[in-house]
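J.: I'd like to go over a predicted model; first the sequence, then the structure.
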Amino acid sequence: MLAAAAVCPCPPLLVPEVAAGAAAELDAARAACTDAIGVLAAARPDLLVVLGAADRSGRGPFPQGTPGSFRGFGVDLDVRLGPAGAFASGRELPPSLAVGAWLLERTGWADAPIEGLGIGERLAAERCVEVGREIGARAARVALLVMGDASACRSLKAPGYLDERAAPFDAEAARALGAADLAALRALDAELAYELKASGRAPWQVLAGAADDAALSGVLLYEDAPYGVGYLVATWS
């Protein structure tokens, strides 16, 4: 059963080496992510699953010990999903999970076995919920680190340019995550989320499935849209 969850954004810019001179602009987001992971550790889970949106090559499971890097972003920095494990997949972590691995490394996570799961950005809501239920049944106490951004269309300079639908979409996502509102998360429009480049939609809906019958409460720790992209941090416990 799901014991706790942390929802964090997944831009590589969270990593100071990637952000370089702009690193200080996301200090508040990093601090909120650190606090969120502390909630996971306090739950004393038997299993931690890191979820994140991924393209076709990055979908599916990633065992503990899977490496990742930020070389594709011009930085000679490697990460690993938890301590060395029985890594044998031959694949590297997709960017969303690499950011999650970096967050866990900087907080010194060593509290439970770790697995990663790359979720297709267009996975149907119903299937997301099913995947979440399967994850929730994996252990007596499961924790989730859910990596994903809200819309990327909040300003003229945003990656997806300005879209008037973006701010209302992000506001509802923030409200639902802060309230642990499972029905509202399941109701997020997958097609609209795709058009708004909201990579968090599918992972959030997996979270909603995992939280069935868990009766968790939510807290929204951070909400902002630097660079025109919605970044949200929330905890469920």
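T.: Yep, that arrived. Predicted, not measured: the structure shown is a model, and the values here were computed from it.
J.: List the buried residues in the longest helix anywhere in the chain.
T.: With secondary structure taken from DSSP state H, the chain has its longest helix at helix 27-42. Neighbour counts over helix 27-42 (16 or more other Cβ atoms under 10 Å) mark 29, 30, 32, 33, 35, 36, 37, 39, 40, 41 as buried. Just so you know, the C-beta spots here come from the backbone N, C-alpha and C atoms, and that holds for glycine as well.
J.: What's the mean pLDDT across stretch 50-60?
T.: Here stretch 50-60 scores 92 as its mean pLDDT.
J.: what's the following helix or strand after the longest helix of the chain?
T.: Following helix 27-42 in sequence order, the next helix or strand is strand 47-54 (DSSP states H and E).
J.: Give me the angle between that next one and helix 27-42.
T.: 140 degrees (axes from the mean of the first three to the mean of the last three Cα atoms, to 10 degrees).
J.: if we can go back for a sec, let me see the residues that make contact with the longest helix of the chain.
T.: 4-9, 14, 48, 103-104, 106-107, 109, 111, 143, 145, 221-222, 224, 226, 231, 233-235, 237 (Cβ atoms under 8 Å, 6 or more residues apart in numbering).
J.: Equivalent analysis for stretch 176-188, please.
T.: 7, 125, 129, 169, 172-173, 175, 201, 204-205, 207-209, 211-212, 216-220, 232, 234, 236.
J.: at 6 Å instead, please
T.: The contact list for stretch 176-188 (Cβ atoms under 6 Å, 6 or more residues apart in numbering) reads 7, 125, 201, 204-205, 208, 211, 216-218, 220, 232, 234, 236.
J.: right, and out of those residues, which lies closest to residue 163?
T.: Top of the list for closeness to residue 163, among the contacts of stretch 176-188 and by Cβ to Cβ, is residue 201 at 14.8 Å.
J.: could you list every residue that touches the closest one?
T.: With Cβ under 6 Å, 6+ apart, residue 201 has these contacts: 188, 193.
J.: Torsion angles phi and psi at residue 4?
T.: phi -170, psi 160 (degrees, to the nearest 10).
J.: could you list every residue that touches it?
T.: 39, 40, 43, 143, 237.
J.: Name the nearest residue to it, ignoring sequence neighbours.
T.: Excluding the flanking residues, the one nearest residue 4 by Cβ to Cβ, 6 or more residues apart in numbering is residue 43, at 3.6 Å.
J.: what's the neighbour count on that neighbour?
T.: A count of neighbours around residue 43, defined by other Cβ atoms under 10 Å, yields 23.
J.: List the contacts of it.
T.: 3, 4, 143.
J.: Quickly list what the second one is bridged to.
T.: Right, residue 4. Beta-bridge pairing for residue 4 (DSSP bridges): residue 143.
J.: Could you pull up phi and psi at the closest residue to residue 212 other than its chain neighbours?
T.: If the residues on either side of it in the chain are set aside, residue 212 comes closest to residue 133, at 5.9 Å by Cβ to Cβ, 6+ apart. In terms of degrees, to the nearest 10, the main-chain angles of residue 133 are phi -60, psi -40.
J.: same thing with the one 5 residues further on?
T.: With angles defined as degrees, to the nearest 10, residue 138 sits at phi -70, psi -30.
J.: can you tell me how far it sits from residue 183?
T.: With distances taken as Cβ to Cβ, to the nearest Å, residue 138 is found 23 Å from residue 183.
J.: Comparing those two, which residue is more hemmed in?
T.: The residue with more neighbours, out of residue 138 and residue 183, is residue 138; 14 against 8, by other Cβ under 10 Å.
J.: ok, the residue nearest to that one when sequence neighbours are not counted - contacts?
T.: Spatially, and ignoring its direct neighbours in sequence, residue 138 is nearest to residue 47 (5.8 Å; Cβ to Cβ, 6+ apart). With contacts defined as Cβ under 6 Å, 6+ apart, the neighbours of residue 47 are 112, 113, 138, 139, 142.
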